[in-house]
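> my questions concern the predicted model and sequence given below.
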Amino acid sequence: MDVANAAELTGRALSRALYATGRGVLLIASAALSLALLVATVLATAFISLGVGVLLLPLVTPLVRRVTGLCRDLAGRAGVPIATPYLPAPPTERGVVGWVQRCRSILTDPATWRDLLFLLLNVLVGFVLGLLPVTLLVYSVEGLVLSAGFWMLMRESGVDFWYGFTPMDTWPHAVLGALVSLVVFAIWVAAAPGLVAGHAYFARTLLGPSERAEIASRMRHLSETRSDVINIQATELRRIERDLHDGAQARLVAIGMKLGAATRQLRTNPDVAETLLVDARNATASALEELRCLIRGIHPPVLAERGLEDAIRAIALESPIEVDVTADVPGRLAAPAESAVYFALSELLNNVVKHSNADRASIDLRHEDGSLRAVVIDNGQGGADASLGTGLRGIERRCATFDGTLDLSSPEGGPTVAILELPCALYSPRTSSF
């Protein structure tokens with residue numbers, strides 16, 4: 001078992017080092033592109049006074065941002081995520097005025113100047129940190145090849161070759177060269193991921209969002225979520241109005257008409273009046289049931305009375321498929337957040353029943369570290385995609401209103417895993433159990 005674990009750890013270390021070396025090649029390419037784009041941007045900016053730069057700068061800047069975006073992506077793959085720092089582009093007019101407006105928005109964005117500083121420094125930093133892993137790997141392989149006997153071919157060609165501080169002219173020296181190459185190889189395995197991670201931290205220092213950009217991004221997010229809230233509320237109001245008009249209101253009108261007819265028949269035809277009264281009583285029961293369903297659609301009584309855990313268990317019990325629920329939420333959430341999670345999980349479970357062909361699902365609900373996390377897993381056919389339907393998009397918008405997220409993993413053949421996370425606090429302790 002120890003040998004197997006050691007082999008597995010060695011394999012993982014080699015895989016990480018090779019992956020980091022591949023990213024190092026990309027860093028070398030980014031350094032070359034940084035130099036070319038830095039020169040192009042400086043020239044375009046300098047030519048603004050001549051009018052040519054007004055046309056060149058909006059063309060060069062997207063290329064610069066594409067390269068810096070590549071560096072952000074590489075940093076994210078190294079475990080250092082970097083948010084996009086650019087301010088939202090303002091609307092522009094057509095023609096020359098529009099080009100001038102685009103130039104002004106580019107030059108007044110602090111991220112533009114931070115990008116230029118990054119390009120300047122990345123010419124050296126990206127080249128060195130990208131080249132080192134490649135150099136260490138090539139140098140270690142070179143030493144192993146020479147030590148394996150290639151040094152004899154070099155000697156026969158009349159070439160004296162040194163590896164490190166060792167002349168490759170005899171087999172003892174070749175063995176020493178092999179040991180040196182193994183040391184270099186070990187250094188490569190250990191250092192390559194760290195070198196690439198070092199570039200990631202360097203990139204985060206310059207390519208991350210400034211305070212102004214963070215505020216602008218936050219305001220944009222709040223504006224979008226506020227719009228979503230308004231749309232959701234308008235949709236809900238229209239649904240309630242439609243349900244009342246087509247359901248309970250129509251039944252109440254019918255009840256009134258039956259009662260009126262019964263009143264007219266009460267003296268002359270009591271049997272008919274009795275039948276009408278029975279029909280009115282049955283219609284009253286139906287209207288009450290529709291009103292209860294409507295209330296459950298607005299805010300379910302089980303949610304208000306027993307809390308989120310028991311409300312989710314109630315959904316699971318009513319589901320036509322088997323649903324296992326594990327929950328650990330030792331308190332109550334704020335009513336809006338509680339309602340959002342309830343309806344989101346209800347919609348997810350409905351999607352499982354309608355579209356996944358699953359016969360079993362599970363819901364894990366718990367509150368940890370100031371966030372509510374719900375995981376819904378089914379054994380269905382998979383293939384769910386939030387971009388192809390309005391249901392999952394609606395859940396995403398509902399979660400985003402509370403700064404929450406919905407992560408979906410649904411490969412073809414299943415299983416589908418939906419993870420809902422919502423930052424929220426607990427207020428009152430749980431007082432009942434379903």
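Received, thanks. Residues are numbered from 1 along each chain as shown.

> tell me the pLDDT of residue 385.
At residue 385, the model reports a pLDDT of 71.

> report the contact partners of it.
Listed by CB atoms under 8 Å, 6 or more residues apart in numbering, the contact partners of residue 385 are 392, 408, 410. In short, each C-beta sits where N, CA and C put it, glycine included.

> secondary structure element for residue 113?
Element membership of residue 113, judged by DSSP states H and E, is helix 110-145.

> elements contacting that helix?
helix 2-46, helix 52-77, helix 171-207, helix 211-243 (3 or more CB pairs under 8 Å, 6 or more residues apart in numbering; DSSP states H and E).

> what distance do you get for residue 53 to residue 45?
6 Å (CB to CB, to the nearest Å).

> oh sorry, the question was meant for residue 343
52 Å.

> repeat for residue 200
Distance, residue 200 to residue 45, by CB to CB: 28 Å.

> residue furthest from the geometric center of the protein?
Each residue of the chain has a distance to the centre, and by CA atoms, centre = their mean the biggest one is for residue 268: 72.8 Å.

> go ahead and confirm residue 201 touches residue 80.
Yes: contact criterion CB atoms under 8 Å: residue 201 and residue 80 qualify, at 5.9 Å.

> contact partners for the closest residue in space to residue 52 that isn't next to it in sequence?
In space, and not counting its chain neighbours, residue 52 is closest to residue 44: 7.9 Å by CB to CB, 6 or more residues apart in numbering. For residue 44, the contact set (CB under 8 Å, 6+ apart) comprises 52, 53, 56, 57, 59, 60.

> which of those count as buried?
53, 56, 57, 60 (16 or more other CB atoms under 10 Å).

> format the residues you listed as TSV; extra columns: pLDDT and distance to residue 353.
Output for those, formatted as TSV (pLDDT from 0 to 100; distance: CB to CB, whole Å):
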residue	pLDDT	distance to residue 353
53	77	60
56	84	57
57	83	55
60	89	53
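
> okay, those residues in TSV with distance to residue 278 next?
Formatted as TSV, the buried ones among the contacts of residue 44 follow (distance: CB to CB, whole Å):
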residue	distance to residue 278
53	87
56	85
57	82
60	82
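
> nearest to residue 420 among the residues you listed?
Distance to residue 420 across the buried ones among the contacts of residue 44 (CB to CB) is lowest for residue 60, with 42.0 Å.

> quick one: which of the contacts of residue 385 sit in strands?
Judged by DSSP state E, the contacts of residue 385 include residue 408 as members of strands.

> now render the contacts of residue 385 as TSV, adding neighbour count and pLDDT.
As requested, these are arranged in TSV below (neighbours: other CB atoms under 10 Å; pLDDT from 0 to 100):
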residue	neighbour count	pLDDT
392	21	74
408	17	81
410	20	80
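
> residue 64: which of the contacts of residue 385 is nearest?
residue 408 (33.3 Å).

> surely the closest one is in contact with residue 384?
Yes: at 6.3 Å, residue 408 counts as touching residue 384 under the criterion of CB under 8 Å.

> any shared contact partners between the two?
In contact with both residue 408 and residue 384: 392, 416, using CB under 8 Å, 6+ apart.

> ok, residue 422 - contacts?
Residues in contact with residue 422 (CB under 8 Å, 6+ apart) are 337, 340, 341, 371, 372, 373, 399, 402, 403, 404.

> shaky segments in the stretch 251-400 of the chain?
Applying pLDDT under 70 to the stretch 251-400 of the chain flags residues 251, 266, 287, 289-301, 386-391.

> now do the strands in it.
322-328, 360-368, 371-378 (DSSP state E, counting those that start in this stretch).

> nearest to residue 275, out of these?
Nearest of the strands of the stretch 251-400 of the chain (CB to CB): strand 322-328, 44.2 Å.

> could I get the buried residue list for the closest one?
Neighbour counts over strand 322-328 (16+ other CB under 10 Å) mark 323, 325, 327 as buried.

> would you list every one of the helices in the stretch 251-400 of the chain?
270-298, 301-306, 308-318, 335-355, 390-400 (DSSP state H, counting those that start in this stretch).

> would you mind giving the ones you listed as a markdown table with distance to residue 32 added?
Converted to a markdown table, those look like this (distance: least, CB to CB, whole Å):
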| stretch | distance to residue 32 |
| --- | --- |
| helix 270-298 | 60 |
| helix 301-306 | 59 |
| helix 308-318 | 55 |
| helix 335-355 | 47 |
| helix 390-400 | 39 |
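
> so which of those gets nearest residue 186?
Of all the helices of the stretch 251-400 of the chain, helix 390-400 sits nearest to residue 186, with 46.7 Å by CB to CB.

> which element is the nearest residue to residue 111 once chain neighbours are set aside on?
Excluding the flanking residues, the one nearest residue 111 by CB to CB, 6+ apart is residue 85, at 4.2 Å. For residue 85, there is no host helix or strand (DSSP H and E).
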